[in-house]
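Chemist: the sequence isn't on hand, but the structure is:
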């Protein structure tokens, strides 16, 4: 699939335990794939279970139907990798 502005992948930074990072690095080195490939696989295969656990049933049904509405203020927030979220006006 060719990436366009609408389906461009987003970057997310996370901090993980060093032992997990070592396991991920080994997996990538042995298989010849990138760490990001395996992280993407883990997220895609596990997000449903996390949503089942953490989201209220009404929001979960909206997510599953594709009709969930993201509040406008959430769209205006950019993640700052070093100190937390800040609004685009503060940039």
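Modeler: Here it is on my side, so go on. From a predicted model like this one, the values you see are computed outputs, not experimental measurements. Residues are numbered from 1 along each chain as shown.
Chemist: Three-state assignment for residue 14, please.
Modeler: Put simply, residue 14 is coil when judged by DSSP: H, G, I helix; E, B strand; the rest coil.
Chemist: and it, how close does it get to residue 56?
Modeler: 24 Å (CB to CB, to the nearest Å). Bear in mind the C-beta positions are built from the backbone N, C-alpha and C, glycine included.
Chemist: do residue 18 as well
Modeler: Look at residue 18 and residue 56: by CB to CB, they are 35 Å apart.
Chemist: likewise for residue 46?
Modeler: Using CB to CB, one gets 19 Å for the distance from residue 46 to residue 56.
Chemist: got it, and residue 39?
Modeler: Counting by CB to CB, the separation of residue 39 from residue 56 is 27 Å.
Chemist: of the two, give the one with the bigger neighbour count.
Modeler: Per other CB atoms under 10 Å, whichever of residue 39 and residue 56 has more neighbours is residue 39, with 15 against 8.
Chemist: and the more buried one, what helix or strand is that in?
Modeler: Using DSSP states H and E, residue 39 sits within helix 35-54.
Chemist: mind checking the pLDDT average for that helix?
Modeler: The predicted model gives helix 35-54 an average pLDDT of 95.
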